[in-house]
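Chemist: just a sequence and a predicted model for now, questions to come.
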Amino acid sequence: MKTHQVYFNHSGVQPFEELVKDSGISKAFVLCDQITAELCLPVLNELVDLREFTLILIPTGESYKTIETCNIVWAQLTKVNADRKALLINLGGGVLTDLGGFAASCYKRGIKFINIPTTLLAMVDASTGGKTGVDFGSFKNQIGVFSAPEFTWVHSIFLKSLPSNQIRSGAAEMIKHGLIYDSKHFDEVISNFNDLTSLISDSVSIKQAVVAQDPTEKGLRKILNFGHTLGHAIESFYLETPASLLHGEAIAVGMILEAYLSHRELGLSNNELVAITNPIKSFYDLPIIDPADYQDIIELTKQDKKNEHGSVRFVGLKQIGKAVYDVPLEAEGILEAFSYYKGIIL
Ligand code: GLY
């Protein structure tokens with residue numbers, strides 16, 4: 001997979017205009033969901049001229065991150081005879097950039113796409129690094145391909161319309177970047193969260209540094225999944241219940257559980273465990289998990305994409321800023337981590 005550039009704020013205007021005017025592009029499409037069409041498309045239209053673009057609209061939300069929604073995109077591209085030189089501009093959060101990247105990568109065996117993330121989560125994580133895909137039943141990102149956008153354009157102007165729970169959801173990935181790779185970034189995110197523009201660019205730099213060393217997740221890139229083995233299982237579990245949990249909230253729980261497991265199994269000190277769990281507790285309204293659900297959540301970890309030869313693995317921390325991957329995850333440890341979690345949130 002090729003590497004790709006990330007532009008911030010106004011520096012994205014010129015590359016955007018150059019690409020869409022390029023003779024290699026036959027027709028440009030903007031993919032939006034109902035929310036980004038209403039709130040973000042007019043903002044993008046102020047930044048760049050969108051008169052020549054065709055809008056493709058999909059429904060909003062994780063429950064629409066499906067192959068059926070890709071069919072909507074492919075049907076619209078086909079209806080107007082979009083050829084292999086078409087360009088898809090994904091304007092939205094992580095669901096939309098993952099799905100749009102996947103739909104673009106499969107249409108006629110691949111057309112170019114650009115990601116313009118409009119949520120903090122998509123800015124610091126989903127829109128960079130070339131992971132694309134859709135969910136399959138309750139299994140997140142089960143179907144997908146690595147495929148890089150032409151570039152990602154992160155503009156903090158889109159955060160103005162973002163609800164505060166979505167900002168907190170995105171913060172989980174920034175906390176994660178600090179915990180796995182750069183303790184200074186962790187300290188800055190938890191102590192100076194208002195200075196978002198520079199924190200976003202630092203967080204994206206960490207992600208790019210990791211992806212550049214291992215674009216298709218043969219090894220090191222797995223560290224970006226800290227908090228996600230249990231976090232994804234919890235998120236998948238909640239998808240099937242009436243209670244809702246944002247991705248970042250599930251990852252926040254996953255990071256607490258996996259920090260505890262790191263303490264239990266990898267020598268993460270008690271002081272560092274507390275230094276991780278306390279700020280996460282104060283950032284998030286963490287859910288109480290019913291012990292009756294532990295076993296179902298443990299079952300869901302078996303679907304994790306990091307598993308090998310039937311053995312469930314997680315990413316652990318030896319210390320803040322130093323992660324290790326492929327650590328075996330046993331049910332006994334998870335149950336102990338759940339009791340630790342229960343003890344700190346009550
Ligand atoms: N979200 C983790 C990764 O991109 O590898």
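Modeler: Looks like it arrived, so ask away.

Chemist: residues contacting the residue of the stretch 201-346 of the chain at minimum distance from the ligand?
Modeler: When scored by C-beta to the nearest ligand atom, the stretch 201-346 of the chain has L224 as its residue closest to the ligand, at 3.8 Å. In this view, the C-beta of every residue, glycine as well, is placed from N, C-alpha and C. Each residue near L224 by C-beta atoms under 8 Å, 6 or more residues apart in numbering is listed here: D125, G129, K176, I180, K207, V210, V211.

Chemist: quick check: the fourth one is in a helix.
Modeler: Yes: with the criterion set as DSSP: H, G, I helix; E, B strand; the rest coil, the secondary structure at I180 is a helix.

Chemist: count of residues packed around it?
Modeler: For I180, the neighbour count with other C-beta atoms under 10 Å is 28.

Chemist: pretty sure it contacts K222?
Modeler: No: with contact defined as C-beta atoms under 8 Å, I180 and K222 do not form a contacting pair (9.9 Å).

Chemist: phi first, then psi, for the nearest residue to G133 once chain neighbours are set aside.
Modeler: Spatially, and ignoring its direct neighbours in sequence, G133 is nearest to G144 (2.0 Å; C-beta to C-beta, 6 or more residues apart in numbering). Main-chain dihedrals, G144, degrees, to the nearest 10: phi -180, psi 170.

Chemist: quick check, G144 in contact with F102.
Modeler: Yes: taking contacts as C-beta under 8 Å, G144 lies within contact range of F102: 5.7 Å.

Chemist: out of the two, which sits in the busier spot?
Modeler: When neighbours are counted by other C-beta under 10 Å, G144 and F102 differ, and F102 comes out ahead with 24 against 19.

Chemist: my read: that one touches C70, true?
Modeler: Yes: using C-beta under 8 Å, F102 is in contact with C70, at 6.6 Å.

Chemist: who touches both of the two?
Modeler: The contact sets of F102 and C70 overlap at V134 (C-beta under 8 Å, 6+ apart).

Chemist: list phi and psi for the residue most central in space within the chain.
Modeler: The centroid of the chain falls nearest to A126 when counting by C-alpha atoms, centre = their mean (3.6 Å). Dihedral angles phi and psi of A126 (degrees, to the nearest 10) take the values phi -60, psi -30.

Chemist: can you pull the pLDDT of it?
Modeler: According to the predicted model, the pLDDT of A126 comes to 96.

Chemist: all strands of the protein, in order?
Modeler: Secondary structure of the chain by DSSP state E: the strands cover 5-8, 28-33, 54-58, 87-92, 112-117, 131-136, 139-146, 151-154, 313-319, 322-328.

Chemist: tell me which of those strands sits nearest to S236.
Modeler: Shortest distance between S236 and these, using C-beta to C-beta, is found for strand 139-146: 5.9 Å.

Chemist: any residue of that closest one up close to the ligand?
Modeler: No: if you take C-beta under 6 Å from any ligand atom as the test, strand 139-146 misses the ligand, and the best it gets is 9.0 Å.

Chemist: returning to that earlier point: need the strands of the chain in a markdown table with distance to S339, can you?
Modeler: Putting these into a markdown table (distance: least, C-beta to C-beta, whole Å) gives the following:
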| stretch | distance to S339 |
| --- | --- |
| strand 5-8 | 41 |
| strand 28-33 | 39 |
| strand 54-58 | 41 |
| strand 87-92 | 39 |
| strand 112-117 | 37 |
| strand 131-136 | 30 |
| strand 139-146 | 26 |
| strand 151-154 | 40 |
| strand 313-319 | 17 |
| strand 322-328 | 20 |
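
Chemist: so E62 touches V95, yeah?
Modeler: Yes: E62 lies in contact with V95 (C-beta under 8 Å); the separation is 5.6 Å.

Chemist: those two: who's more crowded?
Modeler: The residue with more neighbours, out of E62 and V95, is V95; 24 against 16, by other C-beta under 10 Å.

Chemist: what's around the residue lying closest to the more buried one once chain neighbours are set aside, how many residues?
Modeler: Using C-beta to C-beta, 6+ apart and skipping residues adjacent in sequence, the residue nearest V95 is K65, 4.7 Å away. Applying other C-beta under 10 Å, we find 21 residues neighbouring K65.

Chemist: the ligand contacts on this protein?
Modeler: D125, G129, K131, R221, L224, N225.

Chemist: with that, I have no additional questions.
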